Structure formats: C-alpha cells, structure tokens
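Peer 1: No sequence on hand, only this structure:
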C-alpha cells in the first residue's frame, strides 16, 4: 500500500444542501447525504487524491471492469449521536482492517488503515447534521472499492476508485427486538473454503439472492446457510453471523475461510467472555441443532450484524420440520447482548474495550 500519511484530505462542501428527513420517517439505505469521500488508485502511483466532495453520480464507461468481472468490495459501519450530543463511530479501526482484508482477497491494492479510518471521520464531519438524534437511529457508512480499468479481459485492474457514501437509517426494529423465522437451505451454496466467503464482496450477495427469494416465498425472513461441501455444518444466516445457546454453551461457527469475520460477532463474543459464559467457536451440524431443539436444550438462537446488531431467531425450518425456539420469544441473553452493545454505541455505558471513537464536530451541530 502506498500512501503518505501526511497527505491531507481536501474538502469541498456542497452549495445546495438537501432537506433532511425526519427521524421518524427513516428506513434503511434509501436516502443519501450531501457528500461523499473519493480516492483513486493508479498503478505506479498508488492511492492518491483523497477528497470529500458533493454527492454525485459516478461516471463510468460501459467497458469499466467492475461492471463485467465483479472486482468490488465494500464494508458497512455506523455513526451514533448520543444524548450528550457527541457523535461516535463504532469499531471504525476494525472495519478499516476488514475492508483491507476484503481488498486482498480480490487482488485490490490495500490502503493505509489510518487513512481508511480518517475517511470515515471526514465524511461524518462533513455530514454531521445528517446524523439523526433519536435513539435507535444512526448514520450508516458504506465504504466501497471498485475496479475502473476500461477494457474487456479478465485480470486484476490497474486502476481503482474508493468511495464512501452515507445514509441516515432508522431503527431496525421499530417496535423492539423481534424474533425472525429462518429457513435452512440445503440446495443452495453460499461459499466454499478457498473462495470468497470471508470477503465482503458483491459476488457473495449476488449468490444469495435466489435462496433468499425461496425463503421469503415460503414465509421466512432469512436463509441459514450450510457448508458448501458436506451440506451439513452451519455457516451463516442471511447477511449475518449466527450463534446459538445450547444448554450452558454458546456456539458459533469458526472463522475458517467461508464466513465473514463479523465486527458485531467479535463484539458479542468478547462481551460474553467478559461475563464468564462458556463460548465455543466450533463446527456445529444442523442435525445437532435440530436434535437440541427437539430435546429442549436449544434455548436461544440469534444473528449478529451491523444493521440489526442482534437478531433473535424464533423459528427454524429444515426439511419440512419447523422448530420453535424459546417459545418464539427473544431470549434473555439475546436481549442482554443487544442492550449492552447499543448502550456502548450511544455512549450510555462504559466502553471498556475502547470500541467507540468520537468524531470531532461541534456539540450543537
């Protein structure tokens, strides 16, 4: 990665700010803020020209490489406005590191991690007035890297564009944390070892759409993926990592190259270990989970991710069998994890691990 840390980020503010939506009207990802961060990569020159500019369409030639061969990665994190008026990013450093890990998997030149973190701060500073005020709302930050060579031919691009856009988003659960229904997919494959499963790349999400549609048509919210080789071991659920509490043990699949190294996953594991709980990162088969459900030892199941934080699972469907988990209610540990992380994000509890970082903007903004 080639970038000089002392290079400054230039800022050009919009002369035509758009009206900001009311907090109560916010959904997810439908409204964009006034500005965007952009930086370019040219082979031989490295990453250069970091800048904040007014939000605008990207102009691309029809032969731009990303449109044909999918060399693109992204990430997602949030900025939160606490009751004290301060704006905080949640685990910005780890998101920056994960973006680089995704870049490496797709042969995209890595960026200086400090610069990535500074890009998050710069765009939030420029659009600080877009960070909503209501508890449960936030500013979603989407960093993305795309290949920009103009030619048809399969090869790693020699030029790239990194950009960051933001969207004010509402509470994922407007009426509180609610359990979802998930369907185990045994006829679709999300990823295999040696593939792109652990990268946050467009291809992984495109591959999930068919199974997702099937699950929704059957009345389920999300898909629970099994491993791509034996179709036996649990991988991920939808766009999130999965965890389950069986007896006195909390189990989550290990990071073995097929699932995303979730930031919320990491955070919840750390909290549970802080609380002295028995936590295992190990392979677990769908048969073991279903058997635990029949015996009544499957006490809770939940997904973890940036959008929902913690999403309880109330029903699991597999091969025609429907398993009700925790009487279809949000479990005690699930709720405790959700409450603990949200309190840290909004600056309402002790941030023992230093997960949040303050964006320096006027408190009155």
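Peer 2: Right, received. Where do you want to start? All values derive from a computational prediction rather than experimental measurement.
Peer 1: tally of neighbours for the closest residue to residue 132 other than its chain neighbours?
Peer 2: The shortest distance from residue 132 to any non-neighbouring residue, by CB to CB, 6 or more residues apart in numbering, is to residue 23 (4.5 Å). For glycine as for every other residue, the C-beta is placed from the backbone atoms N, C-alpha and C. Here the count is done by other CB atoms under 10 Å, and residue 23 has 15 residues near it.
Peer 1: Quick check: pLDDT value at residue 23.
Peer 2: Residue 23 carries a pLDDT score of 92 in this model.
Peer 1: got the contact list for it?
Peer 2: When contacts are counted by CB atoms under 8 Å, 6 or more residues apart in numbering, residue 23 touches 132-134, 137, 170.
Peer 1: do that again at 7 Å, thanks
Peer 2: Going by CB atoms under 7 Å, 6 or more residues apart in numbering, residue 23 touches 132-134, 137.
Peer 1: Residue 136 too?
Peer 2: residue 171.
Peer 1: Confirm it sits in a strand?
Peer 2: No. Applying DSSP: H, G, I helix; E, B strand; the rest coil, one finds residue 136 to be coil, outside a strand.
Peer 1: Got the phi and psi for it?
Peer 2: Main-chain dihedrals, residue 136, degrees, to the nearest 10: phi 100, psi -20.
Peer 1: go on, residue 314?
Peer 2: Dihedral angles (degrees, to the nearest 10) for residue 314: phi -100, psi -20.
Peer 1: Can you verify my assumption that it contacts residue 328?
Peer 2: Yes. At 4.0 Å, residue 314 and residue 328 qualify as touching, with contact defined as CB atoms under 7 Å.
Peer 1: These two: who's more crowded?
Peer 2: Neighbour count, other CB under 10 Å: between residue 314 and residue 328, residue 314 has more, with 21 against 13.
Peer 1: What residues does that one make contact with?
Peer 2: Residue 314 makes contacts with 179-181, 324-325, 328-329, as judged by CB under 7 Å, 6+ apart.
Peer 1: Nearest to residue 117 among those residues?
Peer 2: Nearest to residue 117 among the contacts of residue 314 is residue 180, at 32.4 Å by CB to CB.
Peer 1: how much space between the closest one and residue 295?
Peer 2: Separation of residue 180 from residue 295 (CB to CB, to the nearest Å): 23 Å.
Peer 1: How about residue 308?
Peer 2: Taking CB to CB as the measure, residue 308 falls 28 Å from residue 295.
Peer 1: Same drill for the two, tell me which one is more crowded.
Peer 2: Remark: of residue 308 and residue 295, residue 308 carries more neighbours, 21 against 10, as counted by other CB under 10 Å.
Peer 1: Distance of the more buried one relative to residue 265?
Peer 2: 13 Å.
Peer 1: Then residue 45?
Peer 2: With distances taken as CB to CB, residue 45 is found 37 Å from residue 265.
Peer 1: out of these two, which sits in the busier spot?
Peer 2: Each of residue 45 and residue 265 has its neighbours counted (other CB under 10 Å); residue 265 has more, 23 against 11.
Peer 1: For the residue lying closest to that one once chain neighbours are set aside, list each beta-bridge partner.
Peer 2: Of all residues not flanking residue 265 in the chain, residue 241 sits nearest, at 4.0 Å (CB to CB, 6+ apart). Beta-bridge pairing of residue 241 under DSSP bridges involves residue 304.
Peer 1: Roughly how far does residue 241 sit from residue 54?
Peer 2: As for residue 241, its distance to residue 54 is 36 Å (criterion: CB to CB).
Peer 1: between these two, who's got more neighbours?
Peer 2: residue 241 (25 against 14).
Peer 1: any idea which residue of this protein is furthest from its center?
Peer 2: Using CA atoms, centre = their mean, the residue of the chain lying farthest from its centre is residue 295. It sits 33.6 Å away.
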